[in-house]
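1. Dropping a prediction and its sequence here:
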Amino acid sequence: IGFLPLGNAFATLSSRRTRRTTATLSAKPGDSIEFAKYEGLGNDFILIDDRDKDSPSLTPDQSERLCNRNFCIGGDGVIFALKAPEEGDYDFTMRIYNSDGSEPEMCGNGIRCLAQFLKDLGEDAESYRINTLAGPIIPVMNSDDTITVDMGEPTLDGPSVPTALVPNSEHNSVLEQTHTCNDKEWKISMVSMGNPHAIIFVDDLEKDIDFESDGPALESDTTAFPAKTNVEFVQVMS
């Protein structure tokens, strides 16, 4: 396997596959939070309309509690639609807190849900120039009800991903580098599309992976992934 250098990644989501619900949640006695719930390609998010604010109206801790699937709304993260910064050519700002309260730079499925959210709020446009911690991202609203996002150039340089795994391939990249975690030896390739991803090819997903233990152990192994990492296990079927 190998990485193609300096290509742009595009992702498309059909809004017909985006589910939305709205409700009002009590935060504490006397307070309430109006939210929408969107799902895109399996990732579900809580969306908050903060277009009149510079920063999220909820804290990371509050967002983590909202994402609890047993005792609250449940979700992979909370996304805030914020007003554009004064400097730069932007329409809005996106911030997101993960279900564990951490803050990633960007999320591909999340920003597509945000684009649909903005449209549903009446901000109808052919595209939106969104300010994110990963830089400007532009979701495009297509005529066939899909949403296309140019994710920009992938980051392959290991230290920039970031990862502490030793680069071993072109462009200072980490390609199938050996690493031991959770008492198993893995061959890990690293890439960032605004946040780090550890890609692991296996022979058999059902036999080789204990998803409940291997995934969380790798995700939080800060000796190799100082900013934590998304983990993708891949089995080639044909």
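-> Alright, I've got the coordinates. On a predicted model such as this, the values are computed, not experimentally measured, just so you know.
2. which residues in this protein form strands?
-> Here the chain has its strands, by DSSP state E, at 10-14, 19-25, 33-40, 43-50, 77-83, 92-98, 130-132, 135-137, 139-141, 146-150, 177-181, 184-192, 196-201, 230-234.
3. And for the fifth one, what's in contact with it?
-> It refers to strand 77-83. Outside of strand 77-83, the residues within contact range by Cβ atoms under 8 Å, 6 or more residues apart in numbering are 45-58, 63, 66-67, 92-99, 107, 110, 113-114, 117-118, 121. (Each C-beta comes from the backbone N, C-alpha and C, glycine too.)
4. Which among those residues count as buried?
-> Buried subset of these (neighbour count, 16 or more other Cβ atoms under 10 Å): 45-50, 56, 58, 63, 66-67, 92-99, 107, 110, 113-114, 117-118.
5. Show me which helix runs longest in the chain.
-> The residue-count maximum for a helix in the chain (DSSP state H) belongs to helix 108-120.
6. and it, how far out from the chain's middle?
-> 12 Å (Cα atoms, centre = their mean, to the nearest Å).
7. by how many degrees do that helix and strand 92-98 diverge?
-> For helix 108-120 against strand 92-98, the angle by axes from the mean of the first three to the mean of the last three Cα atoms, to 10 degrees is 130 degrees.
8. Please work out which residues outside helix 108-120 touch it.
-> The contact list for helix 108-120 (Cβ under 8 Å, 6+ apart) reads 11, 13, 15, 18, 20, 36, 38-43, 45, 47, 49, 77, 79, 81, 92, 94, 96, 125, 128, 130, 132, 137, 139, 141, 147, 149, 151, 193-194.
9. Near the nearest residue to residue 193 once chain neighbours are set aside, how many other residues are there?
-> Closest residue to residue 193 apart from its sequence neighbours, by Cβ to Cβ, 6 or more residues apart in numbering: residue 151 at 5.1 Å. Residues near residue 151, counting by other Cβ atoms under 10 Å, number 16.
10. next one: the one 5 residues further on
-> By the measure other Cβ under 10 Å, the count of residues near residue 156 is 23.
11. now do residue 204
-> As a burial measure, residue 204 scores 8 neighbours (other Cβ under 10 Å).
12. is it true that it touches residue 235?
-> Yes: the criterion here is Cβ atoms under 8 Å, and residue 204 meets it with residue 235 at 6.5 Å.
13. partner residues bridging residue 139?
-> In this entry, residue 139 is beta-bridged to residue 149, by DSSP bridges.
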